[in-house]
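Participant: Dropping the sequence and predicted coords here.
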Amino acid sequence: MAKEERARELAGLKCHAVWSCGGGVDSTAIALMIIQGKLSKPDLAFMTDVGWERRSTWDYVTGVLRPKLDAVGVQLQVIKTSDYAGNSLVDRRGFTVIPAYARRDGKVIKYSTRCSGPWKLAVAKRWLREQGVTRCENWIGIAADESRRAKGSGQQWFEHRYPLIEAGMTREDCLFAVGQAGWPMPPRTSCVMCPHQTNNEWDRMAILEPKEFARACAIEQELQRTQPGTYLHQSCRPLRERARPFQIACDDGEGGPIECNPFGQCGEGSCETAVATW
Ligand code: SF4
């Protein structure tokens, strides 16, 4: 359907149902609800590409979510942040927008999270306006046991709706539903350099997704060019140092090293647990 025709059709509707897909477990559960007829089909479905996501997220979206939604007539559209706004880690006033860490007076401080608003929400709203949407209920995937994260939008034309909370579906219920449907499990979604990541998440990335980890390290170094003393990890130590403790090897029993990681995936079952202590 031509873009103008679609815009005209949408403009004729009173309130549009739009779905902000995040590409993770909660959003996959919403996709299932749509496909299984437990939730009506949205007028528009979209996902914002901020430009910093992990490769695994897009692999899942293009390999699993999109084809399955396509099959029931729901087109999941990808909106690029760079088409509507910048995705810089530092704003025009020179402040870091991601929740990174720094030392002040000997104490570690964490910057506020000011990235998702301009990178995702503002972009989604501009895109929706472009599609002719003047009022909508915006579906967001937050599980019932995370309902404290659910907030109103503060804008009448753009109301938030939380289908998983309405259905009482917890995170565990979402995982169960995805497994029961026989779909592969969605990977964890976040920007590759997100400072909200836990030690375990950084360590898993260092071991299991070394290219992504190297990208995060490079982003940190780039950030430090304009924001010296700013770090992605709460220890305020360079992220690249976190990979070092894993550069050990188990003994294969014959005096030679075998590839090792602390998640026991060498297949030998004798890996030492060697995690960074910071
Ligand atoms: S995942 Fe982290 S860095 Fe990316 S938008 Fe969200 S809070 Fe910001």
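Facilitator: Perfect, thanks for sending it.
Participant: what's near enough to touch Thr57?
Facilitator: Taking CB atoms under 8 Å, 6 or more residues apart in numbering as the criterion, Thr57 is in contact with 23-24, 186-187, 189. All C-beta atoms are positioned from the backbone trio N, CA, C, and that covers glycine.
Participant: Then Trp127?
Facilitator: 46, 79, 84.
Participant: Glu220 now?
Facilitator: 193, 231-232, 238-240.
Participant: Include secondary structure, neighbour count and pLDDT when you put those residues into JSON lines, please.
Facilitator: Converted to JSON lines, the contacts of Glu220 look like this (DSSP: H, G, I helix; E, B strand; the rest coil; neighbours: other CB atoms under 10 Å; pLDDT from 0 to 100):
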{"residue": "Met193", "secondary structure": "coil", "neighbour count": "22", "pLDDT": "98"}
{"residue": "Tyr231", "secondary structure": "strand", "neighbour count": "20", "pLDDT": "98"}
{"residue": "Leu232", "secondary structure": "coil", "neighbour count": "27", "pLDDT": "98"}
{"residue": "Pro238", "secondary structure": "coil", "neighbour count": "14", "pLDDT": "96"}
{"residue": "Leu239", "secondary structure": "helix", "neighbour count": "23", "pLDDT": "95"}
{"residue": "Arg240", "secondary structure": "helix", "neighbour count": "15", "pLDDT": "93"}
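Participant: which stretch of helix or strand covers Ile109?
Facilitator: Using DSSP states H and E, Ile109 falls within strand 107-110.
Participant: to the chain's geometric centre, what's the distance from the helix or strand just after that strand?
Facilitator: Using DSSP H and E, the helix or strand that directly follows strand 107-110 along the chain is helix 116. From the chain centre to the centre of helix 116 is a distance of 10 Å (CA atoms, centre = their mean, to the nearest Å).
Participant: close to the ligand, is the helix or strand just after helix 116?
Facilitator: Under the assignment DSSP H and E, the closest C-terminal helix or strand after helix 116 is helix 122-130. No: remark: helix 122-130 sits outside contact range of the ligand, by CB under 6 Å from any ligand atom, the gap being at least 11.3 Å.
Participant: shouldn't Trp52 be in contact with Ser88?
Facilitator: No: shown here, Trp52 and Ser88 do not form a contact pair, counting by CB atoms under 8 Å, at 10.7 Å.
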